[in-house]
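In: Compute the structure for the input listed below.
(one chain, ligands or ions: 1)
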Amino acid sequence: MNANLATERIESATAAFLQRPHQLLIGGQWVPATDGATLEVINPATGRAFASIAAGGAPEIDAAVKAARKAFSAGAWPKVRAAERARLLYRLADAVEANADEIAWLESLDGGNPVGSVRHVDVAMAIDSLRTSASLADKITGETQLAALQSDGMGYYVREPVGVAGLITPWNAPFLMAVNKIGPALAVGCTVVHKPAELAPLSALRLGELICELGFPDGVVNIVTGLGSTAGQSLAEHADVNKISFTGSTRVGRSILTASAINLKRVTLELGGKSPIIVLPDADLERAANAIGDELCFKSGQFCAAGTRLFVHRRAHDEVVDRIAARLKGVKIGAGTAPGTQMGPIISEKQLDRVLGYISSGSSQGAELVTGGRRIDREGYFVEPTLLTSTRAEMSLMRDEVFGPVLGAATFPDADLDQIAALANDTDYGLAAKIWTRDLRSAHVLARKLQAGLITINGGGAHGRLPFGGFKQSGLGREGGREGALGFTEIKSVSLGY
Ligand code: NAD
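Out: Numbering: from 1, shown residues only. Prediction:
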């Protein structure tokens with residue numbers, strides 16, 4: 001198919017989706033909010049509303065939890081064998097793959113990211129993630145303890161599904177985050193209530209449509225769109241939810257933990273980051289600088305594991321800074337659906353103001369602006385990718401998660417690995433850390449010294465199936481691969497006397 005025809009086909013599939021009402025999926029039915037309330041969905045590239053969704057709240061969350069509980073305890077789901085759960089998840093992966101371009105287009109309109117990157121990063125990873133979850137469905141096992149010689153019995157433990165899982169996700173990678181939670185939860189036999197982010201909810205609703213078409217029993221997957229302070233809070237507080245898996249800000253993560261205390265829910269938190277990048281003087285500086293610049297623009301810097309604090313050896317500092325600045329100046333900025341766009345808008349006006357506020361506070365505290373720093377004069381919420389040098393650890397720019405394309409650089413005088421690690425670890429967060437060096441010894445010694453859940457060396461390789469999560473205030477627990485699936489299980493030990 002030629003490119004124009006393909007784009008027309010995707011646009012018309014998206015238009016068809018946009019014309020359908022965007023309701024709540026509860027107990028296998030699409031329903032409006034009981035009071036008929038809706039929320040507008042804004043395209044961040046234009047600043048204009050292009051869809052509306054149902055605004056669920058406490059009553060709708062309660063109905064969804066009841067449907068999920070019923071499906072967990074009665075009906076077909078408890079009788080569905082692990083191999084059949086795997087088959088359903090493989091079919092879902094195939095359905096997502098068949099609709100991947102449309103999902104990417106929709107998510108690009110909704111969240112603003114370049115459609116190619118959504119398709120080949122987010123949606124591609126989501127398809128892999130679903131297949132990984134499917135492959136794990138019949139491999140989550142317990143262990144048998146051999147009886148000691150003198151004992152008259154045996155013991156074993158099994159892993160059972162934790163029950164009804166509440167899944168709350170952010171707007172920056174909505175489809176991937178939804179799949180990363182729904183897949184493992186279903187694989188081990190849980191039922192779920194998913195609350196997508198109100199700022200980018202549409203791809204989760206499209207996922208809900210595909211789930212409905214594939215024969216998952218009613219109530220196994222429920223989706224309630226709505227505000228965090230109402231729908232999200234009600235889900236976190238609900239006494240009949242056994243587990244909350246949350247991805248979002250550290251601030252809301254704390255309130256989820258408090259709300260979950262009501263019935264001691266199991267909790268997994270994937271939170272914010274302020275990840276260091278360390279460039280040792282022996283690194284391939286050109287490769288490092290290009291990758292650092294590209295990563296800063298990925299999702300317009302709205303990416304939890306983004307490297308935002310750059311520490312470069314003083315000998316390499318000027319070359320690295322010049323190269324990154326040149327890379328950033330060449331980035332093509334525009335609407336995510338426009339051909340050739342490399343960096344899209346910030347998600348909202350409020351978030352854009354926050355990003356600009358951090359840039360100006362950094363400058364007023366003495367950081368030097370090398371490139372960027374301004375809002376782009378066009379419709380929508382666009383900001384230039386920004387690099388500041390001469391930063392200090394106490395600047396709010398270097399302490400807080402900005403969640404925009406803003407990089408603060410500093411130097412270190414010698415290559416003492418303890419001192420470098422101390423600089424990098426001087427943060428409340430601990431999600432990721434990045435190392436650039438040609439010296440494998442330094443790379444591995446530093447990797448052990450850094451307090452972060454994901455260390456990437458020279459840009460990293462495939463880490464899709466590695467567990468992912470944070471040290472310190474970046475989270476609690478791990479997602480991804482087998483570890484992620486185990487997080488939706490509860491251990492039961494059985495002791496038997498002969
Ligand atoms: P957010 O915390 O504002 O919202 C996340 C979700 O929580 C949304 O669905 C929101 O509606 C809901 N929510 C808000 N208040 C709530 C409440 N009181 N109770 C229950 N739910 C509530 O985060 P965001 O702005 O959507 O996303 C950006 C944040 O997500 C950043 O901090 C980023 O680092 C983090 N994030 C982390 C990861 C990770 O894997 N660690 C991945 C992506 C994003």
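In: Every contact and neighbour count from this point should use C-alpha atoms.
Out: OK.
In: in the host helix or strand of Leu446, what's buried?
Out: Using DSSP states H and E, Leu446 sits in helix 440-449. Neighbour counts over helix 440-449 (16 or more other Cα atoms under 10 Å) mark Ser442, Ala443, Leu446, Ala447 as buried.
In: Dump stretch 204-219 to PDB, restricted to CA.
Out: The C-alpha trace of stretch 204-219 is given here as PDB (Å, rounded to 0.1, in the frame of the first residue of the first chain):
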ATOM      1  CA  ALA A 204      -6.900   2.700  26.700                       C
ATOM      2  CA  LEU A 205     -10.500   2.800  25.500                       C
ATOM      3  CA  ARG A 206      -9.400   1.400  22.200                       C
ATOM      4  CA  LEU A 207      -7.700  -1.400  24.000                       C
ATOM      5  CA  GLY A 208     -11.000  -2.000  25.900                       C
ATOM      6  CA  GLU A 209     -12.800  -2.400  22.600                       C
ATOM      7  CA  LEU A 210     -10.300  -5.000  21.400                       C
ATOM      8  CA  ILE A 211     -10.600  -6.800  24.700                       C
ATOM      9  CA  CYS A 212     -14.400  -6.900  24.300                       C
ATOM     10  CA  GLU A 213     -14.000  -8.400  20.800                       C
ATOM     11  CA  LEU A 214     -11.800 -11.200  21.900                       C
ATOM     12  CA  GLY A 215     -14.000 -13.200  24.300                       C
ATOM     13  CA  PHE A 216     -12.500 -12.200  27.700                       C
ATOM     14  CA  PRO A 217     -15.400 -13.000  30.200                       C
ATOM     15  CA  ASP A 218     -17.400  -9.900  31.200                       C
ATOM     16  CA  GLY A 219     -16.000  -8.100  34.200                       C
END
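In: quick one on the thing from earlier: distance from the chain centre to the helix holding Leu446, please.
Out: 27 Å (Cα atoms, centre = their mean, to the nearest Å).
In: cool, stretch 224-237 as well?
Out: With Cα atoms, centre = their mean, you get 18 Å for stretch 224-237.
In: Likewise for stretch 322-341?
Out: Counting by Cα atoms, centre = their mean, stretch 322-341 comes out at 23 Å from the chain centroid.
In: what's the neighbour count on whichever residue of the stretch 251-400 of the chain sits closest to the ligand?
Out: In the stretch 251-400 of the chain, no residue comes nearer to the ligand than Gly272, which is 3.2 Å away by Cα to the nearest ligand atom. The number of residues packed near Gly272 is 29, by other Cα atoms under 10 Å.
In: residue contacts, it?
Out: With contact taken as Cα atoms under 8 Å, 6 or more residues apart in numbering, Gly272 is in contact with Gly248, Ser249, Thr250, Cys304, Ala305, Glu401, Tyr429, Leu431, Gln473, Ser474, Gly475.
In: State the phi and psi torsions of it.
Out: When read as degrees, to the nearest 10, the backbone of Gly272 gives phi -80, psi 180.
In: Then the one 3 residues further on?
Out: Summarising the backbone geometry of Ser275 under the convention degrees, to the nearest 10, its torsions are phi -80, psi 140.
In: so what's the nearest residue to it once chain neighbours are set aside up against?
Out: Spatially, and ignoring its direct neighbours in sequence, Ser275 is nearest to Gly307 (4.7 Å; Cα to Cα, 6 or more residues apart in numbering). Gly307 is in contact with Lys274, Ser275, Pro276, Ile277, Ile292, Glu295, Leu296, Leu407, Ala432, Ala433, Lys434, counting by Cα under 8 Å, 6+ apart.
In: these two touch, right, Ser442 and Leu417?
Out: Yes - Ser442 lies in contact with Leu417 (Cα atoms under 8 Å); the separation is 7.5 Å.
In: hang on, the earlier thing: quick check, nearest of the contacts of Gly272 to Asp240?
Out: Top of the list for closeness to Asp240, among these and by Cα to Cα, is Gly248 at 22.4 Å.
In: wait, what's in contact with the residue most central in space within the chain?
Out: For the chain, the residue whose C-alpha lies nearest the mean C-alpha position (Cα atoms, centre = their mean) is Met177; its distance is 4.7 Å. Going by Cα under 8 Å, 6+ apart, Met177 touches Thr169, Pro170, Thr247.
In: Any chance of JSON lines for the residues you listed, columns secondary structure?
Out: Output for the contacts of Met177, formatted as JSON lines (DSSP: H, G, I helix; E, B strand; the rest coil):
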{"residue": "Thr169", "secondary structure": "coil"}
{"residue": "Pro170", "secondary structure": "coil"}
{"residue": "Thr247", "secondary structure": "strand"}
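In: Give me the buried subset of those residues.
Out: Buried residues within these, counting neighbours by 16+ other Cα under 10 Å: Thr169, Pro170, Thr247.
In: re the thing from before, which one of the buried residues of helix 440-449 is nearest the ligand?
Out: Closest to the ligand, out of all of the buried residues of helix 440-449 and judged by Cα to the nearest ligand atom, is Ala447, at 19.1 Å.
In: quick check: angle from the helix or strand harbouring Lys434 to helix 440-449?
Out: Taking DSSP H and E as the criterion, Lys434 maps to strand 432-436. With axes from the mean of the first three to the mean of the last three Cα atoms, to 10 degrees defining the directions, strand 432-436 sits at 170 degrees from helix 440-449.
In: Please, where are all the strands along the stretch 351-498 of the chain?
Out: 368-371, 386-389, 406-412, 432-436, 454-457, 475-476, 489-497 (DSSP state E, counting those that start in this stretch).
In: Close to the ligand: what parts of the stretch 351-498 of the chain are there?
Out: By the rule Cα under 6 Å from any ligand atom, the part of the stretch 351-498 of the chain lying against the ligand is Gly469.
In: residue in the stretch 351-498 of the chain nearest to the ligand?
Out: Closest point on the stretch 351-498 of the chain to the ligand, by Cα to the nearest ligand atom, is Gly469, at 6.0 Å.
In: So for that residue, what's the pLDDT?
Out: For Gly469, the model assigns a pLDDT of 97.
In: do the same with Ser12
Out: 86.
In: what helix or strand does it sit in?
Out: helix 3-19.
In: Now do that helix: which elements does it pack against?
Out: helix 100-111 (3 or more Cα pairs under 8 Å, 6 or more residues apart in numbering; DSSP states H and E).
In: How many residues are close by Lys350?
Out: 10.
In: Please tell me how far it sits from Leu356.
Out: For Lys350, the distance to Leu356 equals 10 Å [Cα to Cα, to the nearest Å].
In: ok, now Arg378?
Out: Applying Cα to Cα to Arg378 and Leu356 gives a distance of 16 Å.
In: Ok, Lys472 next?
Out: Counting by Cα to Cα - Lys472 and Leu356 are separated by 27 Å.
In: And Lys79, by the same measure?
Out: In terms of Cα to Cα, Lys79 sits 54 Å off from Leu356.
In: Compare neighbour counts for these two and give me the winner.
Out: Leu356 (20 against 12).
In: Tell me the residues of the stretch 151-300 of the chain that contact the ligand?
Out: 168-171, 195-198, 227-229, 232-233, 236, 247-250, 252, 255-256, 270-273.
In: what about 8 Å?
Out: With Cα under 8 Å from any ligand atom as the criterion, the stretch 151-300 of the chain comes near the ligand at residues 168-173, 177, 195-199, 226-236, 246-253, 255-256, 259, 269-273.
In: Could you tell me which of those belong to helices?
Out: Assigned to helices by DSSP state H, the following of those qualify: Met177, Gln233, Ser234, Leu235, Ala236, Thr250, Arg251, Val252, Gly253, Ser255, Ile256, Ala259.
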